[in-house]
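Visitor: my questions are about this predicted structure, shown below with the sequence.
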Amino acid sequence: AEPKKWIASHSREWRDDIKWGTLDLAGSYRAVFKEALPNAVLVADPFHLIKLANTRLDETRRRVQQNILGHRGRGGDPLYRIRRLLNMAKEKLTEGANDKLTRFLEAGDPDNEVATAWRAKESLRELYAYRDPNLARDHLDALISDFTDNQRPPEVQLLGRTLRGWHDEILAWHRSFVTNGPTESMNNLIKRIKRIAFGMTNFANSYIRALLSAGKPDWSLLATVTPVTTQLSSALGL
C-alpha cells in the first residue's frame with residue numbers, strides 16, 4: 001500500500017513519463033507496478049534472476065548432500081568443499097578450480113543432479129550475452145522447455161517455472177538494458193550505515209549520515225529536511 005501511495009502522490013505527467021520499471025522476481029512488486037504504473041514496461045533485473053539460479057543450485061547441493069551422507073555439509077564433504085566454486089561464473093574459474101570442481105562433483109554427485117543445476121545456471125547466464133531480442137527469446141524458450149522437463153532435478157524444474165512466469169519481464173531487458181543496480185547500491189549503503197550505527201531512530205540524522213558516507217553531499221538540500229541541518233552546516237563552516 002505504501003509504495004502505491006507514494007507513486008500516486010506524484011503528478012500524472014510524472015507517472016506517464018516512466019517507461020521502464022525494474023524489479024526483482026517478487027509478485028508484490030509486480031502488483032504495485034501494474035496498478036500504480038500500468039503503462040510502464042516491467043523489466044526483471046538480471047542480477048536477481050542469476051541470484052535465484054544460484055539459490056536453486058545451492059538448494060540442489062544441500063539436498064543431494066543430505067540424501068547421500070545424511071547430514072549437512074561438513075569440511076571434508078566433496079560438495080561442501082566446492083560450494084563457492086559452484087556459484088562462481090564459469091569463465092572466472094582457473095584451470096585448477098575447474099579441475100577441482102569436476103573431481104568433487106564426480107565424488108559427491110553420483111546422479112549428476114548438482115552438475116545439472118550448475119549447467120542450468122550457466123545456461124541462464126548465457127541469456128545475457130544476447131543483444132538481439134529475437135535470439136534472446138529463442139534461448140529463453142529453449143531453457144524453459146529444458147528446465148521444466150520432469151527428468152530434471154526438482155529445483156531446476158522450479159527455476160524453469162519461474163522463467164515461464166516471468167517470461168516477458170525477463171525479455172524486456174533485451175529491449176531496455178536497464179537495471180536497478182544503482183538503487184540496490186544505495187540501499188546497501190544505507191543498510192551498512194544503519195548496521196554500523198547499531199540502528200538509526202532519527203530519520204534526519206540517518207539522512208545526513210548517508211550523505212556524508214556517500215561523499216560530496218549537497219548541503220543546500222539538507223535544509224529541506226530539517227532546520228537542524230542548517231545549523232549543522234553553519235557549525236561546520238559549510
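Guide: Thanks, I have the structure now. Numbers count the residues shown, from 1 in each chain.
Visitor: pull out the buried residues from the helix or strand that R56 is a member of.
Guide: For R56, the host element (DSSP states H and E) is helix 46-69. The neighbour-count check on helix 46-69 (16 or more other C-beta atoms under 10 Å) flags 46, 48-50, 52-54, 56-65 as buried. Every residue, glycine included, has its C-beta placed from N, CA and C.
Visitor: ditto for stretch 149-158
Guide: Of the residues in stretch 149-158, those buried (16+ other C-beta under 10 Å) are 152-153, 155-158.
Visitor: chain center to that stretch: distance?
Guide: Taking C-alpha atoms, centre = their mean, to the nearest Å, one finds stretch 149-158 lying 22 Å from the centre of the chain it belongs to.
Visitor: run through who's touching the helix holding R56.
Guide: Outside helix 46-69, the residues that touch it by C-beta atoms under 8 Å, 6 or more residues apart in numbering are 24-25, 71-73, 77, 79-80, 83, 86-87, 108-111, 113-114, 116-118, 120-121, 124-125, 128, 153, 155-156, 158-159, 162, 166, 170, 173, 179, 181, 184.
Visitor: again, 7 Å this time
Guide: For helix 46-69, the external contacting residues (C-beta atoms under 7 Å, 6 or more residues apart in numbering) are 24-25, 72-73, 77, 79-80, 83, 86-87, 108-109, 113-114, 117-118, 120-121, 124-125, 128, 153, 155-156, 158-159, 162, 170, 173, 179, 181.
Visitor: could you point out the helix or strand that follows it?
Guide: Next element after helix 46-69 (DSSP H and E): helix 78-81.
Visitor: elements contacting that next one?
Guide: Packing contacts for helix 78-81, counted by 3 or more C-beta pairs under 7 Å, 6 or more residues apart in numbering; DSSP states H and E, involve helix 46-69, helix 95-108.
Visitor: would you reformat those as JSON lines and include mean pLDDT?
Guide: Listed next are the helices and strands packed on helix 78-81 as JSON lines, based on pLDDT from 0 to 100:
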{"stretch": "helix 46-69", "mean pLDDT": "96"}
{"stretch": "helix 95-108", "mean pLDDT": "96"}
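Visitor: any idea which of these gets closest to D146?
Guide: helix 46-69 (13.3 Å; C-beta to C-beta).
Visitor: quick one on the thing from earlier: CA atoms only for the helix holding R56, dumped as CSV, please.
Guide: Written as CSV, here are the backbone C-alpha positions of helix 46-69 (Å, rounded to 0.1, in the frame of the first residue of the first chain):
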residue,chain,number,x,y,z
PRO,A,46,19.4,-9.7,-14.4
PHE,A,47,21.2,-9.7,-11.1
HIS,A,48,18.2,-11.1,-9.2
LEU,A,49,17.5,-13.7,-11.8
ILE,A,50,21.0,-15.1,-11.7
LYS,A,51,20.9,-14.9,-7.9
LEU,A,52,17.8,-17.0,-8.0
ALA,A,53,19.5,-19.6,-10.2
ASN,A,54,22.4,-19.8,-7.7
THR,A,55,19.9,-20.3,-4.9
ARG,A,56,18.3,-23.2,-6.7
LEU,A,57,21.7,-24.6,-7.4
ASP,A,58,22.6,-24.4,-3.7
GLU,A,59,19.3,-26.0,-2.7
THR,A,60,20.1,-28.9,-5.0
ARG,A,61,23.6,-29.3,-3.5
ARG,A,62,22.2,-29.3,0.0
ARG,A,63,19.5,-31.9,-0.8
VAL,A,64,21.9,-34.2,-2.5
GLN,A,65,24.4,-33.8,0.4
GLN,A,66,21.7,-34.7,2.9
ASN,A,67,20.4,-37.7,0.8
ILE,A,68,23.8,-39.2,0.3
LEU,A,69,25.6,-38.6,3.7
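Visitor: before I go, just wanted to say thanks for your time.
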